[in-house]
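Peer 1: Next come a sequence and a model predicted from it.
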Amino acid sequence: MTQRPEISLQMLSNPLFLSGARELVANVARRMGFTEEACGQMALAVDEALCNVIRHGYSKKPDQPIWLSLSAVGGLASPDSNGESPTEALKIVIEDEARQVDLETIKSRDLDEIRPGGLGVHIIREVMDEVSYEHRSPRGMRLTMIKRRTPAGGGQAQPSTAES
Amino acid sequence: MDKLQVTTEIVDGATVIAPAGDIDMTASPVFRQELRKASDAKVQRLVIDLSKVPYMDSSGLATLVEAMQSARKNKTRLVLCGLTERVRSIFAIAKLETLFTVTATREQALGS
């Protein structure tokens, strides 16, 4: 079932907006009861994903569209005094109209090789519980990332699968 | 966070570079420029004080990896200090913790 996002933001591919985007994600996640560590990890993943779109997708053109949307999986309400909340996970979707890349080429690089750059995909896959890239129609890419929340307010991965 | 400010000073014979602000895709070029000045000068000891950096992404990490590679080539002793929890966590995620010499404080870095 397609879920309407709770927050949807259109931004330009200008790096100046990165800090606003990551603070938005961290603040929303915090209000949903994610741990401070998980909020920071999600902000980092969004930052890395947006950087990849700007740098590789749009070749640093600063005036191209990017859409960022956030959805609470399981329900949306602030945690109660025990840290309980219906929110099971936060789904983050980033879409663009950039050139489409072969999905097979989107890989984490070998960390044994010490060199600058190329860490973004590794970081995204490391801190998020689910990550998927797909082609949009008729153009552009869509990245869907899910971070699950533990019932007691933690941000660690759970064995159950979040509905997407 | 405002634009990244980077100060460079000489303390006890060591060059100390102290960025203040988030180091992301926007700010990394400024940080890289300051580090390259130290690299070009082939300083003997370089301390990078990250205590006023609340956030760093992979572009910041890449800049530090470049600095480390230059330091090795120039036989410069490079020490990082004052990593905040969030910055420390990205080093851990990228499995780069062991690549750098890291101390808790600037004083320890200068004394190392």
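Peer 2: Right, received. Where do you want to start?
Peer 1: Run through chain A and note the low-pLDDT ranges.
Peer 2: Scanning chain A for pLDDT under 70 picks out the ranges A:1-3, A:77-79, A:82-83, A:110-117, A:151-164.
Peer 1: Mind jotting down where the helices sit in it?
Peer 2: In chain A, helices defined by DSSP state H lie at A:18-31, A:36-52, A:120-127, listed in chain order.
Peer 1: Mind putting these into a markdown table with mean neighbour count?
Peer 2: (Each C-beta comes from the backbone N, C-alpha and C, glycine too.) What follows is those, written out as a markdown table (neighbours: other Cβ atoms under 10 Å in any protein chain shown):
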| stretch | mean neighbour count |
| --- | --- |
| helix A:18-31 | 19 |
| helix A:36-52 | 23 |
| helix A:120-127 | 21 |
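Peer 1: would you turn those helices into TSV with distance to B:Lys3?
Peer 2: Shown next, in TSV, are these (distance: least, Cβ to Cβ, whole Å):
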stretch	distance to B:Lys3
helix A:18-31	11
helix A:36-52	17
helix A:120-127	23
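Peer 1: quick one: A:Arg22 from B:Gly111, how far?
Peer 2: Separation of A:Arg22 from B:Gly111 (Cβ to Cβ, to the nearest Å) stands at 36 Å.
Peer 1: so what's A:Ile123 up against?
Peer 2: A:Leu44, A:Ala45, A:Glu48, B:Ser58, B:Ile90, B:Ile93, B:Ala94 (Cβ atoms under 8 Å, 6 or more residues apart in numbering or on different chains).
Peer 1: List the residues that contact the nearest residue to the third one once chain neighbours are set aside.
Peer 2: The shortest distance from A:Glu48 to any non-neighbouring residue, by Cβ to Cβ, 6 or more residues apart in numbering or on different chains, is to A:Gly120 (4.0 Å). With contact taken as Cβ under 8 Å, 6+ apart, A:Gly120 is in contact with A:Glu48, A:Ala49, A:Cys51, A:Asn52, B:Ser58.
Peer 1: Next, count neighbours for the residue nearest to the last one when sequence neighbours are not counted.
Peer 2: To tie it back to what came earlier, the one meant is B:Ser58. Excluding its sequence neighbours, the residue lying closest to B:Ser58 (Cβ to Cβ, 6+ apart) is A:Leu119, at 4.0 Å. Neighbours of A:Leu119 under the rule other Cβ atoms under 10 Å in any protein chain shown: 25.
Peer 1: So A:Leu119 sits against B:Ser59, correct?
Peer 2: No - counting by Cβ atoms under 8 Å, A:Leu119 stays clear of B:Ser59, with 9.0 Å between them.
Peer 1: Let me see the mean pLDDT of the strand or helix carrying B:Glu66.
Peer 2: For B:Glu66, the host element (DSSP states H and E) is helix B:58-74. Predicted confidence along helix B:58-74 averages 94 (mean pLDDT).
Peer 1: now it against helix A:120-127, angle please.
Peer 2: Orientation of helix B:58-74 against helix A:120-127 (axes from the mean of the first three to the mean of the last three Cα atoms, to 10 degrees) gives an angle of 120 degrees.
Peer 1: elements contacting the helix or strand that comes right after helix B:58-74?
Peer 2: Moving toward the C-terminus from helix B:58-74, the next helix or strand (DSSP H and E) is strand B:77-81. Packing partners of strand B:77-81 (3 or more Cβ pairs under 8 Å, 6 or more residues apart in numbering or on different chains; DSSP states H and E): strand B:45-49, helix B:58-74, strand B:101-103, helix B:106-111.
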